[in-house]
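# got a sequence here, can you build the structure:
(chains A and B)
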There are 2 protein chains.
Amino acid sequence: MRVVITGGAGFLGSRLAHEILRRGSLTDARGNAREVRELVLVDVVAAAAPGDRRVRGVTGSLDDRAVVEAVITPDTDSVFHLAAVVSGQAEADFDVGMRVNVDATRNLLERCRTCASPPKLVFASSLAVFGGALPDPVPDDAPLMPQSSYGTQKAIGELLVSDMSRKGFIDGRSLRLPTIVVRPGKPNKAASSFASSIIREPLAGRVANCPVAASTRMWLQSPSAVIDNLIVGHEVAAERLAGAARGAASDDSRAGRSLAPVQSRSINVPGLCVAVGDMVNALRTVAGDAVAERVRWEYDPAIDRIVSTWPARFAAGAGRALGMRADDDFASIVRAHIADTAQAGRAPI
Amino acid sequence: MRVVITGGAGFLGSRLAHEILRRGSLTDARGNAREVRELVLVDVVAAAAPGDRRVRGVTGSLDDRAVVEAVITPDTDSVFHLAAVVSGQAEADFDVGMRVNVDATRNLLERCRTCASPPKLVFASSLAVFGGALPDPVPDDAPLMPQSSYGTQKAIGELLVSDMSRKGFIDGRSLRLPTIVVRPGKPNKAASSFASSIIREPLAGRVANCPVAASTRMWLQSPSAVIDNLIVGHEVAAERLAGAARGAASDDSRAGRSLAPVQSRSINVPGLCVAVGDMVNALRTVAGDAVAERVRWEYDPAIDRIVSTWPARFAAGAGRALGMRADDDFASIVRAHIADTAQAGRAPI
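Okay, here's the model as predicted:
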């Protein structure tokens, strides 16, 4: 089986690669468990070689069709499409966001049509596809109403994944991922970057700023839960995916006239709803007062404007029915980050 | 003021051009009523010259950027984007649909960014952006869940219009038009084409087939009401547009956490919910038994599959609040078609 991970040099891509290599096999679009013989990691920067003969790194951008042609060969069985420009950058530079989040996604999907048989494709979407007045919690069938260019671009990706799956070109599934905490490394241009910084930086002895109110709630997930859910999203049979979405919709007594099966391939991934103040409280419980005191509170309206349009709590019944999971509580996310950092050979505190 | 109509050689485009020329002025994005000095009709086929010195025809496809550059000059004030590949053709040929309904729309929107000031842009969207289980009537804030490639492509257009309006690149408004009856001319590849054929053809002495059940309901509008509503959609101030959408959303007691203003530029246009059997009954009432007996009933599952995913009744409160109108009843639509045909010098019966 040949598997491709876009954004394969990134934090999530490299963790996903590690997990796929550990498992050794995945389920293909025909429902057969097959050995992973080749794992292609494509990214704009070179992926770290994990020292595994199954892995091949490709450096290049997916808005270049030649790169996409080299990456998606006819024998490709599965694609995890994680490559994206983050929310803050997509908002600051509309053209870059369109090129990477829309054009590259379309290039990839179009190229999948040339595969010997329609590949599975897991698209990392986002809760940023939602916005405006929404029920709390947000149901699985809530309207797409993005309030940022990033959310708009992810919504366009979802629409293409759904329609091309309906047409039989791919076997796609779009996973609307919660905000991932704690990301390692440096703060980036994602509007949600602070959610990782306010845990990671104080634990590393550095001050971090929180640009939103303590009462602001977010929908969160640890890296290891996200990896598990990406795998679940890949492994589940297409029939069950559509069935789960239909099941959730039929709970709605207002269900109307249409008898056609719902052909949405988008799933709200379960997560944890936590107020930013409670994230810092959990940090205090796990790591102590001195660490928690390294969080500063300087309000940034540009970041708050984006973050406040994202819903903070989802029903996510369809995702749970498929076997996706949320973290138990935020303290366990903090502890997992400390354990990860220690394992990576860096002192967390 | 310089106004562009894409699809300007088509039935709707030429009627819209006629109405704009008759009015002589439109309201620009700054709220000023201004004289229409140049009206550009662009289409893949040459537009009939209406014998008016204000009109300029351009023949070419909007998926060609050179054509778009020639059409959207920096002094363009308003664009009515009607050009599209119809539903049946977009379903039969995915690539053509993507090129015309997505790429051409994007070319047009991108080019509007080079205008001296952000132009008004009225995008002809469709109820085909909806699908799956929906409340009856469909509320203004119903989820986008297209079940056809045409609906997917229109939904992508709406998302781009909304986001580019939010960014201040254009002053856009997407109007989800009902199915237009009675269209003149020949049947086309639209899945809804029969809805016009079963009225137009019997009136012209020809047999027409109805490929769906008599109980199938559709959301309909006459050509003259559509033209009026396109003009309303253009004339209304952007602030009122967003306000109307917010007003509708705030009726919903489930309204959630987000305090950000809803930035959707999409409006469900009011229409008339009519069962296909009642359309034929109205034809019988207006034109007699002999005419109505020319309708045959031969079921076509491919057409029914597309049509049955379209909702048939909308609340459309936001559109009505903006001054958009529905026809009084279906018999008046039939009578208006007979009058139009007589005026055009063709015997309707």
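# use CA for all of it now, contacts and neighbours both
Noted.
# now A:K189. Nearest residue, chain neighbours left out?
Leaving aside its chain neighbours, A:K189 sits nearest to A:G88 (5.0 Å; criterion: C-alpha to C-alpha, 6 or more residues apart in numbering or on different chains).
# neighbours around the one you found, how many?
Look at A:G88: counted by other C-alpha atoms under 10 Å in any protein chain shown, it has 21 neighbours.
# just say helix, strand or coil for it.
Following DSSP: H, G, I helix; E, B strand; the rest coil, A:G88 is assigned to helix.
# pLDDT at it, what is it?
pLDDT for A:G88: 86.
# for the one 3 residues further on, same thing?
Per-residue confidence for A:E91 comes out at a pLDDT of 91.
# phi, psi for the spatially closest residue to it that is not a sequence neighbour please.
Excluding its sequence neighbours, the residue lying closest to A:E91 (C-alpha to C-alpha, 6+ apart) is A:S149, at 5.5 Å. Note on A:S149: backbone dihedrals following degrees, to the nearest 10 are phi -70, psi -40.
# can you report how many residues lie near A:S149?
A:S149 sits with 30 neighbouring residues when counted by other C-alpha under 10 Å.
# pretty sure A:A292 is touching A:D278, no?
No. A:A292 lies out of contact with A:D278 (C-alpha atoms under 8 Å); the separation is 11.2 Å.
# between those two, which has more neighbouring residues?
Between A:A292 and A:D278, counting by other C-alpha under 10 Å, A:A292 is the more crowded of the two (23 against 16).
# OK, contacts around that one?
With contacts defined as C-alpha atoms under 8 Å, 6 or more residues apart in numbering or on different chains, the neighbours of A:A292 are A:P202, A:V280, A:N281, A:L283, A:R284.
# reformat those as TSV; add distance to chain B and pLDDT.
As requested, these are exported to TSV (distance: C-alpha to the nearest C-alpha, whole Å; pLDDT from 0 to 100):
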residue	distance to chain B	pLDDT
A:P202	29	97
A:V280	22	97
A:N281	23	97
A:L283	26	98
A:R284	27	98
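# where does the prediction get shaky in the stretch 1-150 of chain A?
Within the stretch 1-150 of chain A, no stretch has pLDDT under 70.
# what does it put close to chain B?
Those residues of the stretch 1-150 of chain A that sit near chain B, judged by C-alpha under 8 Å from any C-alpha of the partner chain, are A:131-136, A:141-145, A:147-149.
# which one (most neighbours) among these?
Counting neighbours by other C-alpha under 10 Å, A:S149 leads those with 30 neighbours.
# where do the helices sit along the stretch 151-300 of chain A?
Under the criterion DSSP state H, counting those that start in this stretch, the stretch 151-300 of chain A contains helices at A:193-203, A:223-235, A:238-250, A:276-287, A:289-292.
# where among the ones you listed is the average confidence lowest?
Across the helices of the stretch 151-300 of chain A, helix A:238-250 gives the lowest mean pLDDT, at a mean of 55.
# how many other residues sit next to the nearest residue to A:F194 once chain neighbours are set aside?
The spatially closest residue to A:F194, leaving aside those adjacent along the chain, is A:C210, at 6.1 Å (C-alpha to C-alpha, 6+ apart). Applying other C-alpha under 10 Å, we find 20 other residues in the vicinity of A:C210.
# find the closest residue to chain B in chain A.
With C-alpha to the nearest C-alpha, the shortest gap between chain A and chain B falls at A:P143, namely 3.6 Å.
# surely that residue and B:P139 touch.
No. At 11.2 Å, A:P143 does not count as touching B:P139 under the criterion of C-alpha under 8 Å.
# and the helices in the stretch 1-150 of chain A?
Shown for the stretch 1-150 of chain A, the helices assigned by DSSP H, counting those that start in this stretch span residues A:11-23, A:65-71, A:87-92, A:94-97, A:104-112, A:149-166.
# who are the packing partners of the first one?
With contacts defined as 3 or more C-alpha pairs under 8 Å, 6 or more residues apart in numbering or on different chains; DSSP states H and E, the secondary structure elements packing on helix A:11-23 are strand A:2-6, strand A:38-43, helix A:223-235.
# hmm, A:P137 is touching A:G317, no?
No. Look at A:P137 against A:G317 with C-alpha under 8 Å: they stay out of range, at 10.8 Å.
# more neighbours: those two, which one.
Counted by other C-alpha under 10 Å, A:P137 and A:G317 do not tie: A:G317 has more neighbours, with 19 against 16.
# for the more buried one, phi and psi?
Dihedral pair for A:G317: phi -70, psi -40, per degrees, to the nearest 10.
# how close does it get to A:I267?
With the distance defined as C-alpha to C-alpha, to the nearest Å, A:G317 ends up 9 Å from A:I267.
# mutual contacts of these two, please.
Contacts common to A:G317 and A:I267, judged by C-alpha under 8 Å, 6+ apart, are A:D140.
# for A:S192, what are its contacts?
Shown in contact with A:S192 (C-alpha under 8 Å, 6+ apart): A:T179, A:I303, A:V307.
# so who does the first one touch?
Read it as A:T179. Applying C-alpha under 8 Å, 6+ apart, the residues contacting A:T179 are A:S192, A:M218, A:W219, A:L220, A:Q221.
# closest one of those to B:S117?
Checking the contacts of A:T179 against B:S117 by C-alpha to C-alpha gives A:S192 as the nearest, at 33.0 Å.
# tabulate the helices and strands packed on helix A:11-23 (CSV), appending distance to A:G97.
Compiled in CSV, the helices and strands packed on helix A:11-23 are given as follows (distance: least, C-alpha to C-alpha, whole Å):
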stretch, distance to A:G97
strand A:2-6, 16
strand A:38-43, 16
helix A:223-235, 23
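# now the ones you listed in TSV, with mean neighbour count?
Formatted as TSV, the helices and strands packed on helix A:11-23 follow (neighbours: other C-alpha atoms under 10 Å in any protein chain shown):
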stretch	mean neighbour count
strand A:2-6	25
strand A:38-43	23
helix A:223-235	21
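# not counting sequence-adjacent ones, nearest residue to A:R335?
Nearest residue to A:R335, sequence neighbours excluded (C-alpha to C-alpha, 6+ apart): A:V286, at 7.1 Å.
# before we move on, what about A:I180?
That would be A:Q221: by C-alpha to C-alpha, 6+ apart, it lies 5.1 Å from A:I180.
# number of residues surrounding A:S215?
When neighbours are counted by other C-alpha under 10 Å, A:S215 registers 11.
# tell me the confidence at the nearest residue to it once chain neighbours are set aside?
Spatially, and ignoring its direct neighbours in sequence, A:S215 is nearest to A:A275 (5.4 Å; C-alpha to C-alpha, 6+ apart). Confidence at A:A275, expressed as pLDDT, is 96.
# related to what we said a few turns ago, closest to A:P50 out of the helices of the stretch 1-150 of chain A?
A:P50 sits nearest to helix A:11-23 of all those, at 8.0 Å, using C-alpha to C-alpha.
# tell me the buried residues in that closest one?
Within helix A:11-23, the residues that count as buried by 16 or more other C-alpha atoms under 10 Å in any protein chain shown are A:L12, A:G13, A:S14, A:R15, A:L16, A:A17, A:I20, A:L21.
# please apply the same query to stretch A:302-311.
Buried residues in stretch A:302-311 (16+ other C-alpha under 10 Å): A:I303, A:D304, A:R305, A:I306, A:V307, A:S308, A:T309, A:W310, A:P311.
# thought the residue nearest to A:K189 was touching A:A190?
Yes. Look at A:G88 against A:A190 with C-alpha under 8 Å: they come within range, at 4.6 Å.
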